[in-house]
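Asks: Attaching a predicted model along with its sequence, questions to come.
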Amino acid sequence: MEWQPEPESLAQLIQLLKSTNSADNAVQQQNNQRLDQLSKVPDFINYLLFVLIFMKDEDSMVRTVAGLLLKNNVRQEFSTIPASVLDYVVRKSIDGIGDPDTMVRHTLGTVVATVVEQGKLSSWPEVLPRLMHLLDSNEYPVVEGSWDILRKICEECHQELEEPLSDGTRPLNVMIPKFLVFFSSESPVLREYAITTTTLFVTHRSESMQPMIDNFVVELFKRANDENSEVLKAVCKAVVALVENRPDKLMPEFENVVNYMIHTTQHADPDIAMEACEFWLSFCEQDELVGSLKPFLNRVVPMLMHGMVYSDEDLLLLDNDDNDAVVPDSDQDIKPRHHRARTHDHHQPEAAAASSNSDASDAEEDDDDYSDDDEDFYAEWNLRKCSAASLDVMSSAFGDQILEFVLPMLKEELASDEWRVKEAGILALGAIADGCMSGMEPHMPSLLPYLIQWFKHEKALVRSIACWSASRYGKWAIFGAESNNIKVYFEPLLAGLLEAMMDNNKRVQEAACSAFATIEEDAGVYMVPYIQPVLDTLIRAFSLYQRKNLIILYDAVGTLAEAVGPELNQPQYVQVLMPTILERWDNLQTDDQHMFPIFECLSAVALGLGKDFKPYAQKIYQRSVRIIAESLQMGQQALQDASMDQQPNGDLVIVALDLISAIVQALGEDSQALIAEHNCVMLQLAGMCMVDSEMEVRQSAFALLGDLAMFCFPLIQPQLDGIMQQLIPQIDRNGLHINVCNNAAWSAGEIALRAGKENMKSYVAPLLERLIPLLNGESTQQTLAENAAFTIGRLGLVCPDLVAPSLEHFAQSWCYILACVKDNDEKSSAFQGMMTMISSNPQGISKAFLHFCRAALNWQTPDAQLMEMFIQTFAGLKQLAGSEWEANIGMLEPQMRQAFRERFLV
């Protein structure tokens, strides 16, 4: 007998579901509490399913809310729900998939897809065959409902669909041919579902897709002129997927494809045009293909430039010339902010190098096409922004070759009396800056003054885009070919941006402040003569800007500190800057989004002021420690009580750890007193952070550990054993969680230098077991390999007798990696360690002798002690090797051989 609800309980549930739309917060809160209580009832899922499927006379919103609660309950409580209940949910949901109400159908699809995703397709082998069978139904709601479930399953379970069934066939081998049939369905909804879903398997480079890719292309282009806009957008997305994953299927008809995409990029529907425009952006990022576009540049470049003109729809949202500087920002105006956790990179000042928050992007970090400011600029994605980004990438691909098509239009647009056309020209001028800088240099002496002049244009949108475009030419204004560039171009540019930062329009303030941050980062120490007027403007801006633009302002202050470094440490600057920042620091609540940028700003300022940051350190340090402690405590409570409304903020812990790192670096050994004064609570918190579940928290904790090892080692020495027990497992020999591994490896080297042999000897073997594979791994990220080499060298300096026996297993990779690293203290101590190890085990270097010679010669100005060690090491090797020595030296290139003899053998 089928399950039946108890009428009174069902009536109560329906009343609760109806109340979910109440505008009364008290009712909502009471309602949520009651629903939360009901969710613990064993039959709660059955009640929700009953409302969703069988109560067809109820309002569809009530049924839909029941379905969404059902989905959430399944997702959150999946492991505790009996299999029989889940089977019942799946079976009844598919039975109801032909419901005449579209919202209910789609909610049913979400429920089935959620169950299948949580429990794997293999747990419900009957689902796919039944859904595929229902695609042949004569009832449209049944077919559409089945498609809706299938597309959701394909999105969430695409990998499982590739796995062979018990008879050896893959589900996709049956599904894709069926999907292709629906490309020609009479229903535009089903055509769009079919194209979008099948494109997923092109994007994922599905093995099952490859034998059918030709049929996919044929069926796809049958829909190239479909009358439905959603279908056309799906076609454009599919063409982009082919460009990125199977371009070989487009190249035989490349001219026709280009003609089609040119035509579609100019479609009257801006959404279709934008999807088509993605083709140019993706194509120009394919290095091996982009040259094929050259014959079409005369048509593509003007088309993209026309696409940059603001549409009427854009202006309805953006055209605001109001003096709105005094209008407070709403919470919706401020997008969520995430801090980038610190990664130790010896190529940067100790605290400066930041990394991405996701490990998956670590290795690709250096390949980003745009700076952070450019990413922000391109963030409001539409046809105009896509056209600009495409021209940007195209200019990088073709360089000055595109100028013959850009410059005539640019001249016309910049001279236009129509502000929208002029604005598009200014946007294009900025878009080509990186790729065409050399070709644009002759034009910049006349163009840059116009850009600066447009900072005062009557239209706010022109003023803002002029600021952005000018910032893209900042390096030319500083380092251009003319000897007096600074005076003639940079100073007017800087003055113009500082004035624009005080604009009464918030959009212009934002653009000018972002542009200024870019300029000061490019200028570096060239900003020093202008610190006073810059600070005057920044301080005034603090009193003018609303909440959103204050975030950018904090970044501008931090960037100034990084650019000028110790030059900021002048009484007249400090006495103006610090009270302004600390006033805001004191008034901010912990959950305020401004906490992130002000922490980052203070970190940069601390490093700039060095030991003179001491008067401000204690208050900032104490609050940072308190924030970390409260967040960790909240995390522990959340583990014990999943119903907690307030969740710990890992980003806040990260930014606080990084600020404490900056304080430690700024104060040096003086920071010991600060930490000891508070009973070394920070060391205990850092230890907890080193084993935190969030990768970025561990990353910053190990960066802080390295700084503490450098400047506060007497404080951490009593806890050394516990620290090493936490540290060693984080050096992942497979290089996963790259930034955590990187920081742990670096901090191990800093600890080794100060701990000495007796304290380090028990950790050498487990460290080498992890560091040597990283050093020798072909896929190890460069910075990680370098830090592994530094730490091995430092271990060898402290414990040569324990490390030297392994010399032959890592010497060649070690020498090869460090030969390319710039001279610094870390490299110096590592080389001292290597030479100490060679003295203990000369045979260990024999296979890597030539690499060691090259690495030694790479030193530009070794200090006297290091030079003496090199000479003694080579003298020892010569005495040991005899005739073999001359043979090895003879294998060096002639020029290098001569340099080697002059440097080490005279």
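Replies: It's in.
Asks: next helix or strand past the lengthiest helix in the chain?
Replies: Ranked by residue count under DSSP state H, the longest helix found in the chain is helix 738-776. Sequence-wise, the next helix or strand downstream of helix 738-776 (DSSP states H and E) is helix 782-798.
Asks: buried sites along that following helix?
Replies: Within helix 782-798, the residues scored as buried using 16 or more other C-beta atoms under 10 Å are 783-798. Any C-beta I mention is one placed from the backbone N, CA and C, and that applies to glycine too.
Asks: Now do the helix or strand following it, average pLDDT.
Replies: Moving toward the C-terminus from helix 782-798, the first helix or strand encountered (DSSP H and E) is helix 800-803. Across helix 800-803, the average pLDDT comes to 96.
Asks: And stretch 87-100, by the same measure?
Replies: pLDDT averaged over stretch 87-100 gives 90.
Asks: ditto for stretch 504-516
Replies: pLDDT averaged over stretch 504-516 gives 96.
Asks: So which other helices or strands are in contact with the longest helix of the chain?
Replies: Helices and strands touching helix 738-776, by 3 or more C-beta pairs under 8 Å, 6 or more residues apart in numbering; DSSP states H and E, are helix 695-711, helix 713-716, helix 720-727, helix 782-798, helix 800-803, helix 807-818, helix 825-840.
Asks: Compute the inter-axis angle for the first one and helix 720-727.
Replies: Put plainly, it is helix 695-711. Compare the direction of helix 695-711 with that of helix 720-727 by axes from the mean of the first three to the mean of the last three C-alpha atoms, to 10 degrees and you get 150 degrees.
Asks: quick one: average confidence on helix 695-711?
Replies: Helix 695-711 comes out at a mean pLDDT of 95.
Asks: quick thing: my sequence starts at 13, can you match it?
Replies: Got it, the first residue is 13 from now on, which makes the last one we talked about helix 707-723.
Asks: thinking again about what came up before, so for residue 328, which of the helices and strands packed on helix 750-788 sits nearest?
Replies: With C-beta to C-beta as the criterion, residue 328 lies closest to helix 707-723 of the helices and strands packed on helix 750-788, at 39.5 Å.
Asks: How far off centre is that closest one?
Replies: Chain-centre distance of helix 707-723: 21 Å, with C-alpha atoms, centre = their mean, to the nearest Å.
Asks: Who are the packing partners of that helix?
Replies: Secondary elements touching helix 707-723 (3+ C-beta pairs under 8 Å, 6+ apart): helix 662-679, helix 683-689, helix 693-701, helix 725-728, helix 732-739, helix 750-788.
Asks: Mind doing that once more with 7 Å?
Replies: helix 662-679, helix 693-701, helix 750-788 (3 or more C-beta pairs under 7 Å, 6 or more residues apart in numbering; DSSP states H and E).
Asks: between those helices, which one is nearest to residue 847?
Replies: Closest approach to residue 847 among those is made by helix 750-788 (15.6 Å; C-beta to C-beta).
Asks: I'd like to check the angle between the closest one and helix 837-852, please.
Replies: Using the same axes, to 10 degrees, helix 750-788 lies at 30 degrees relative to helix 837-852.
Asks: Buried residues, helix 750-788. List them.
Replies: Neighbour-count burial for helix 750-788 flags 750-767, 771-772, 775-776, 779-780, 782-788 (criterion: 16+ other C-beta under 10 Å).
Asks: just to revisit the earlier point, could you export the helices and strands packed on helix 750-788 as a markdown table, including distance to residue 610?
Replies: What follows is the helices and strands packed on helix 750-788, written out as a markdown table (distance: least, C-beta to C-beta, whole Å):
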| stretch | distance to residue 610 |
| --- | --- |
| helix 707-723 | 17 |
| helix 725-728 | 27 |
| helix 732-739 | 30 |
| helix 794-810 | 28 |
| helix 812-815 | 44 |
| helix 819-830 | 38 |
| helix 837-852 | 31 |
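Asks: Those helices: which one's closest to residue 335?
Replies: helix 707-723 (40.6 Å).
Asks: what about dumping the CA coordinates of that closest one to PDB?
Replies: Taking C-alpha atoms only, helix 707-723 is exported to PDB below (Å, rounded to 0.1, in the frame of the first residue of the first chain):
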ATOM      1  CA  MET A 707      43.900  25.300   2.500                       C
ATOM      2  CA  GLU A 708      44.300  29.100   2.400                       C
ATOM      3  CA  VAL A 709      44.400  29.300   6.200                       C
ATOM      4  CA  ARG A 710      47.200  26.700   6.300                       C
ATOM      5  CA  GLN A 711      49.000  28.600   3.500                       C
ATOM      6  CA  SER A 712      49.100  31.800   5.500                       C
ATOM      7  CA  ALA A 713      49.900  30.100   8.800                       C
ATOM      8  CA  PHE A 714      53.100  28.600   7.300                       C
ATOM      9  CA  ALA A 715      54.100  31.900   5.800                       C
ATOM     10  CA  LEU A 716      53.800  33.400   9.300                       C
ATOM     11  CA  LEU A 717      55.800  30.500  10.700                       C
ATOM     12  CA  GLY A 718      58.700  31.200   8.400                       C
ATOM     13  CA  ASP A 719      58.700  34.900   9.500                       C
ATOM     14  CA  LEU A 720      58.500  33.900  13.100                       C
ATOM     15  CA  ALA A 721      61.500  31.500  12.500                       C
ATOM     16  CA  MET A 722      63.500  34.400  11.100                       C
ATOM     17  CA  PHE A 723      62.800  36.900  13.800                       C
END
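Asks: I'd say residue 236 and residue 273 touch.
Replies: No: using C-beta atoms under 7 Å, residue 236 makes no contact with residue 273, being 10.1 Å away.
Asks: Please compare these two by neighbour count and tell me which comes out ahead.
Replies: Legend: neighbour count by other C-beta atoms under 10 Å for residue 236 and residue 273, higher for residue 273 (24 against 15).
Asks: where's that one relative to residue 285, distance?
Replies: According to C-beta to C-beta, to the nearest Å, residue 273 stands 10 Å off from residue 285.
Asks: and the nearest residue to residue 644 once chain neighbours are set aside, how far is that from residue 339?
Replies: The shortest distance from residue 644 to any non-neighbouring residue, by C-beta to C-beta, 6 or more residues apart in numbering, is to residue 700 (5.6 Å). Distance of residue 700 to residue 339, given as C-beta to C-beta: 43 Å.
Asks: Which residue of those two possesses the greater neighbour count?
Replies: Between residue 700 and residue 339, counted using other C-beta under 10 Å, the more crowded position is residue 700 (18 against 10).
Asks: wouldn't the more buried one be in contact with residue 647 here?
Replies: No: using C-beta under 7 Å, residue 700 is not in contact with residue 647; the gap is 9.2 Å.
Asks: Would you state the helices of the stretch 163-312 of the chain in chain order?
Replies: 183-193, 200-215, 225-234, 241-257, 266-277, 282-295, 309-319 (DSSP state H, counting those that start in this stretch).
Asks: isn't there a strand covering residue 526?
Replies: No: counting by DSSP: H, G, I helix; E, B strand; the rest coil, residue 526 is not found in a strand; it is helix.
Asks: Where do the domain boundaries of this protein fall?
Replies: If you go by automatic domain parsing, the domain ranges for the chain are 13-169, 817-917.
Asks: centre of the chain versus the last one, how much separation?
Replies: Okay, so that is domain 817-917. For domain 817-917, the distance to the chain centre is 39 Å (C-alpha atoms, centre = their mean).
Asks: Same check on stretch 496-514?
Replies: 32 Å.
Asks: Distance across it, terminal residue to terminal residue?
Replies: 28 Å (C-alpha to C-alpha, to the nearest Å).
Asks: same deal with stretch 42-57?
Replies: Stretch 42-57 has an end-to-end distance of 20 Å (C-alpha to C-alpha).
Asks: Counting neighbours, what do you get for residue 99?
Replies: Using other C-beta under 10 Å as the criterion, the residues surrounding residue 99 number 14.
Asks: what do you get for residue 545?
Replies: 12.
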